[in-house]
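K.L.:
Sharing a model that was predicted from the sequence below.
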Amino acid sequence: MYRRLRDLREDRDLPQRVLAELLHVSQATYSRYESGGLDIPSGALIALARFYHTSIDYLVGLSDNPEPYR
């Protein structure tokens, strides 16, 4: 899951700071989300799925299909 979050961010050439601002957390907290040092709250997962136009299942590795549910 954590690798997928980093890959999505890096594919868009975004710094961690941008995602931290989206989630209203510090850059250090977001960094810990990506490294697996902190569990990601469900509200943050929802926001990330919306931001990346994907499903939470894809973010957490339950699906390899990046398409969001309709």
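P.N.:
Okay, I see it.
K.L.:
Now do stretch 28-48: distance from first to last residue.
P.N.:
17 Å (CA to CA, to the nearest Å).
K.L.:
Other residues contacting it?
P.N.:
1-2, 5-6, 9, 16-17, 19-20, 22-23, 25, 56, 59-60 (CB atoms under 8 Å, 6 or more residues apart in numbering). The way it works is simple: take the backbone N, C-alpha and C, and place the C-beta from them, glycine included.
K.L.:
Top of the residues you listed by number of neighbours, please.
P.N.:
Most neighbours among these, by other CB atoms under 10 Å: residue 19, with 24 neighbours.
K.L.:
if I pick that residue, what's in contact with it?
P.N.:
9, 30, 48, 51.
K.L.:
which one of those residues has the most neighbours?
P.N.:
When neighbours are counted by other CB under 10 Å, residue 30 leads those with 24 neighbours.
K.L.:
gap between the closest residue to that one other than its chain neighbours and residue 8?
P.N.:
Using CB to CB, 6 or more residues apart in numbering and skipping the chain neighbours, the partner closest in space to residue 30 is residue 20 (3.9 Å). Using CB to CB, to the nearest Å, residue 20 is found at 15 Å from residue 8.
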